[in-house]
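Student: curious how this folds, go ahead:
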Amino acid sequence: MKKLMLMLAMTLALTLTANMAKADDWDDAWAAYLSGDYATAFKLNKPLAEQGNADAQFQLGWMYSNGKGVTEDKKEAVKWYRMAADQGIAYAQYNLGVMYDEGEGVKKDKKEAVRWWHKAADQGNAKAQYNLGQMYRLGEGVLEDDKEAVRWYRMAADQGMVEAQFNLGAMYRRGKGVKKDGKKAVKWYRMAADQGNALAQYNLGVMYDLGEGVAEDKKEAVKWYRKTADQGNALAQLNLGWMYGNSEGMIEDDTDLLKLSESLAERGDAKAQFILGVMYHHGEGVIADAKEAGKWYRLAADQGDAKAQYNLGSMYYHGKGVIGDDKKAHMWWNIARANGNDSADHNIEIITRRMTPADISKAQDMAERCQASNYQDC
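Tutor: This is a model prediction of the structure:
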């Protein structure tokens, strides 16, 4: 009996010692991983994973998937992710779903991706919840179901996932899977926008611009358009240029306006080119430069902008930034009038008083040729 007790005690001691050693090995492996020493992390994780350590199996899957500490091998990654996923590791379940969704290391299978994401999502994994929302919204791997999409988006959004917050806002705005509700759309857009999501900032700007789900407020629209424009959102930049051109939202910072207009103008936006022309013409936010103003007016005029065509006519009439030329002034005013600028009528009436009939006829021919050539022969 004493021998038996002694053997049991020795066995227990050896087991505890082995477990402590494994724990130490895992701590060392984790420390190596965190420090970026992936070769050491892989070396320490491999035996632990082979002994059934779920965390080590997950880490091994990640390293094989990303080629960290070992040659990239997607199939091997799937193998280790599956082992960890079968032991209930939510991140492994999520990553295994991604592998099936993208067909990496395994044949692409949307249904299998959904199955693994369900397992991870049920454990509270926000990324898996969001992905399930996407799958149900798009009908990939499951039947399309907007209500179910909203349910999963909401779970992820409640955990602060910005993409889910944005999509939930979009679902409320469009009335997909939920009753259309502008106020709730604004609520979720704002939550995503506050986290820096450019699309949410843009949509929030639109809501304030149009008065959807919130009282119309051009200043607030400008605020959110500016935030997303600073991230390179071209639509927001275009809307800001349009609002300035129409004196909406009170864009008062000439430096910001110059930066915004230059960005859009260089991409060929006619309204921004016209605004730049005005700024250089009148010295707003920049040193007045008539030649530079004429340059931007011409670029906008060549795209059919009637205001730019009108101002370009004035530049030729006064000889500002260009060599004075009554025929060209008449031509651009004539074109501006044809494009709806009524102010050009009065100027044409004035300039014809100092032009000969022959020059007037030539100016009219020039205008016709310019328009017929789509502003290529002006």
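Student: could you list the low-confidence segments of this protein?
Tutor: Along the chain, segments meeting pLDDT under 70 span 1-24, 241, 244-257, 260.
Student: so what are the domain limits for it?
Tutor: Here the domain parsing of the chain from automatic domain parsing is 25-122, 264-378.
Student: ends of the first one, how far apart?
Tutor: The first and last residues of domain 25-122 sit 31 Å apart, counting by CA to CA, to the nearest Å.
Student: repeat for the last one
Tutor: Its start and end residues considered, domain 264-378 measures 24 Å (CA to CA).
Student: one step back: okay if I get the domains of the chain as JSON lines plus distance to Glu148 and mean neighbour count?
Tutor: C-beta coordinates here come from the backbone N, C-alpha and C atoms, glycine included. Below are the domains of the chain laid out as JSON lines (distance: least, CB to CB, whole Å; neighbours: other CB atoms under 10 Å):
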{"stretch": "domain 25-122", "distance to Glu148": "11", "mean neighbour count": "19"}
{"stretch": "domain 264-378", "distance to Glu148": "40", "mean neighbour count": "18"}
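Student: for Asp146, find the nearest of those.
Tutor: With CB to CB as the criterion, Asp146 lies closest to domain 25-122 of those, at 16.0 Å.
Student: to the chain's geometric centre, what's the distance from that closest one?
Tutor: 30 Å (CA atoms, centre = their mean, to the nearest Å).
Student: can you list the domains of the chain in CSV and add distance to Val186?
Tutor: Output for the domains of the chain, formatted as CSV (distance: least, CB to CB, whole Å):
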stretch, distance to Val186
domain 25-122, 27
domain 264-378, 27
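Student: for the stretch 101-250 of the chain, which segments count as helices?
Tutor: Here the stretch 101-250 of the chain has its helices, by DSSP state H, counting those that start in this stretch, at 110-122, 126-138, 146-158, 162-174, 182-193, 198-210, 218-229, 234-245.
Student: so Gln59 sits against Asn45, correct?
Tutor: Yes: the criterion here is CB atoms under 8 Å, and Gln59 meets it with Asn45 at 5.0 Å.
Student: now for these two: what residues contact both?
Tutor: Listed as contacting both Gln59 and Asn45 by CB atoms under 8 Å, 6 or more residues apart in numbering are Ala29, Tyr33.
Student: for Lys119, give its distance to Ala164.
Tutor: Distance of Lys119 to Ala164, computed by CB to CB, to the nearest Å: 19 Å.
Student: which residues of the chain fall in strands?
Tutor: Using DSSP state E, the chain contains no strands.
Student: list the buried residues for stretch 141-161?
Tutor: Residues of stretch 141-161 classed as buried: 141-142, 146, 148-157, 161 (neighbour count, 16 or more other CB atoms under 10 Å).
Student: columns distance to Arg354 on top of these, output as a markdown table?
Tutor: Below are the buried residues of stretch 141-161 laid out as a markdown table (distance: CB to CB, whole Å):
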| residue | distance to Arg354 |
| --- | --- |
| Gly141 | 76 |
| Val142 | 76 |
| Asp146 | 68 |
| Glu148 | 75 |
| Ala149 | 69 |
| Val150 | 70 |
| Arg151 | 75 |
| Trp152 | 73 |
| Tyr153 | 68 |
| Arg154 | 72 |
| Met155 | 75 |
| Ala156 | 71 |
| Ala157 | 68 |
| Met161 | 69 |
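Student: ok, residues contacting stretch 109-127?
Tutor: 85, 88, 90-91, 93-94, 96-98, 100-101, 103, 128-129, 131-132, 135, 140-142, 152, 155-156, 159-161, 164.
Student: same question, stretch 75-87
Tutor: Contact partners of stretch 75-87, identified using CB under 8 Å, 6+ apart, comprise 49, 52, 54-55, 57-58, 60-62, 64-65, 92-93, 95-96, 99, 104-106, 116, 119.
Student: for stretch 200-219, measure first residue to last.
Tutor: 17 Å.
Student: hey, C-alpha coordinates of stretch 308-324 in CSV?
Tutor: Coordinates of each C-alpha in stretch 308-324 appear next as CSV, following Å, rounded to 0.1, in the frame of the first residue of the first chain:
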residue,chain,number,x,y,z
ALA,A,308,-16.1,80.6,-65.8
GLN,A,309,-16.9,81.5,-69.5
TYR,A,310,-18.4,84.8,-68.3
ASN,A,311,-15.4,85.7,-66.1
LEU,A,312,-13.0,84.7,-68.9
GLY,A,313,-14.8,87.1,-71.2
SER,A,314,-14.4,89.9,-68.6
MET,A,315,-10.6,89.1,-68.4
TYR,A,316,-10.3,89.6,-72.1
TYR,A,317,-12.4,92.7,-72.0
HIS,A,318,-10.3,94.4,-69.3
GLY,A,319,-6.9,92.8,-70.4
LYS,A,320,-6.4,91.3,-67.0
GLY,A,321,-4.2,88.2,-66.9
VAL,A,322,-4.5,87.9,-70.7
ILE,A,323,-3.9,90.2,-73.6
GLY,A,324,-7.0,92.4,-74.1
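Student: so what touches that stretch?
Tutor: Stretch 308-324 has contacts (CB under 8 Å, 6+ apart) with 270, 273-274, 277-278, 281, 289-301, 325-326, 328-333, 335-336, 339, 341, 343-344, 347, 351.
Student: do stretch 160-176 as well
Tutor: Contact partners of stretch 160-176, identified using CB under 8 Å, 6+ apart, comprise 126-127, 129-130, 133-134, 137, 146, 149-150, 153-157, 177-178, 180-182, 184-189, 191-192, 195-197, 199-200, 203, 207, 212-213.
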